[in-house]
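Peer 1: Compute the structure for the input listed below.
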Amino acid sequence: ETLAGATSAAGALRARGLKPGETVAIMLPTCREFFFTFLGTLLAGGIPVPIYPPIRADQLEEYARRQSGILRNAEVRILVTFKEAERLARLLDIPSLRCVVRGDELVSPGASLADLDYSAKPEDIALIQYTSGSTGDPKGVTLTHRNLVTNVRAIG
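Peer 2: Next up is the predicted model:
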């Protein structure tokens, strides 16, 4: 199920114009769509940029300011979010942003791994993770595919 969901998400991202090396912000709670989108972004050759979804309605202005900075810094092309945050996401002023899509809409039933002709190199960026920014603006930390494999091996 995970591979099928990720492949479907990858096909949907490609259909929305995602090219290898471009960034996809994932503003979703921890759910199956998050994992499908994260892995689908990798399968499509994109770079996932996970960001926390808004939690408190009374802090939306601060949230929008902080997340806009992250999205601009990462030059995000596609933002994947959930229904309740979709309207907020569309209000963010991000020059590089081409499309906002809900995670549950990121489906391409006919997608197959054979259609995804991207093969990552160890030195390619696998993801960008942003710091909390507790002492200033959040900073992006890039992790390569080699970094991730090394971490998995160390954990094992």
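
Peer 1: As PDB, could you dump the C-alpha coordinates of the helix or strand in which residue 128 is found?
Peer 2: Assigned by DSSP states H and E, residue 128 belongs to strand 125-130. Listed next in PDB are the C-alpha coordinates belonging to strand 125-130 (Å, rounded to 0.1, in the frame of the first residue of the first chain):
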ATOM      1  CA  ILE A 125      19.600  16.500  -1.900                       C
ATOM      2  CA  ALA A 126      17.100  14.200  -0.400                       C
ATOM      3  CA  LEU A 127      15.200  16.700   1.800                       C
ATOM      4  CA  ILE A 128      15.400  20.100   3.500                       C
ATOM      5  CA  GLN A 129      14.600  20.100   7.100                       C
ATOM      6  CA  TYR A 130      14.100  23.500   8.900                       C
END
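
Peer 1: Show me what the next helix or strand after that strand packs onto, helices and strands only.
Peer 2: Following strand 125-130 in sequence order, the next helix or strand is strand 140-144 (DSSP H and E). Judged by 3 or more C-beta pairs under 8 Å, 6 or more residues apart in numbering; DSSP states H and E, strand 140-144 is in contact with strand 125-130. For glycine as for every other residue, the C-beta is placed from the backbone atoms N, C-alpha and C.

Peer 1: tilt between the strand it packs on and strand 140-144?
Peer 2: Strand 125-130 runs at 160 degrees relative to strand 140-144, counting by axes from the mean of the first three to the mean of the last three C-alpha atoms, to 10 degrees.
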